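Asks: would you be able to build a 3D model of this:
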Amino acid sequence: RPQDVEWCLADDGFHIVQSRPITTLFPVPRAEDADHHVYVSVGHGQMMTDAMRPLGLSMWQLTAMVAMHEAGARLFVDVTARL
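Replies: Residues are numbered from 1 along each chain as shown. So this is what the prediction gives:
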């Protein structure tokens, strides 16, 4: 089921610090398939936690070098294949 995963990089290694079921689910992008996906919130990575306006959403989606998926006026990158 959906998880809230806290992780870190240390000594050239990837470490899961904590994982627990999500108790309040914010909208995430809808996948085209039934597979599991891992999404990273673009805004949270840049400390922009508020919803984006339509111009900002479209600017990021048109200029980013990876597909950016929108949900709840926020952008996400599907990093499943990289993991």
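
Asks: count of neighbours near residue 49?
Replies: Counted by other C-beta atoms under 10 Å, the residues lying close to residue 49 total 9. (Glycine included, C-beta is placed from N, CA and C.)

Asks: try residue 47
Replies: By other C-beta under 10 Å, 6 other residues sit near residue 47.

Asks: quickly note the distance from it to residue 58.
Replies: According to C-beta to C-beta, to the nearest Å, residue 47 and residue 58 sit 21 Å apart.

Asks: again, but for residue 35
Replies: As defined by C-beta to C-beta, residue 35 lies at a distance of 27 Å from residue 58.

Asks: which of those two has more neighbours?
Replies: residue 58 (12 against 7).

Asks: contacts for the strand or helix carrying that one?
Replies: Element membership for residue 58, per DSSP states H and E: helix 54-63. Contacting residues not belonging to helix 54-63 are listed as 42, 52, 68, 70, 73, 75 [C-beta atoms under 8 Å, 6 or more residues apart in numbering].

Asks: now with 7 Å, please.
Replies: If you take C-beta atoms under 7 Å, 6 or more residues apart in numbering as the criterion, helix 54-63 is touched by 42, 68, 70, 73, 75.

Asks: partner strands of the helix or strand just after that helix, with direction?
Replies: Next along the chain after helix 54-63, taking DSSP H and E as the criterion, comes strand 69-71. Using DSSP bridges, strand 69-71 pairs in its sheet with strand 74-78 (antiparallel).

Asks: contacts for the partner strand?
Replies: Counting by C-beta under 7 Å, 6+ apart, strand 74-78 makes contact with 28-29, 37, 39-43, 51-52, 57, 60, 66, 68-69, all of which sit outside it.
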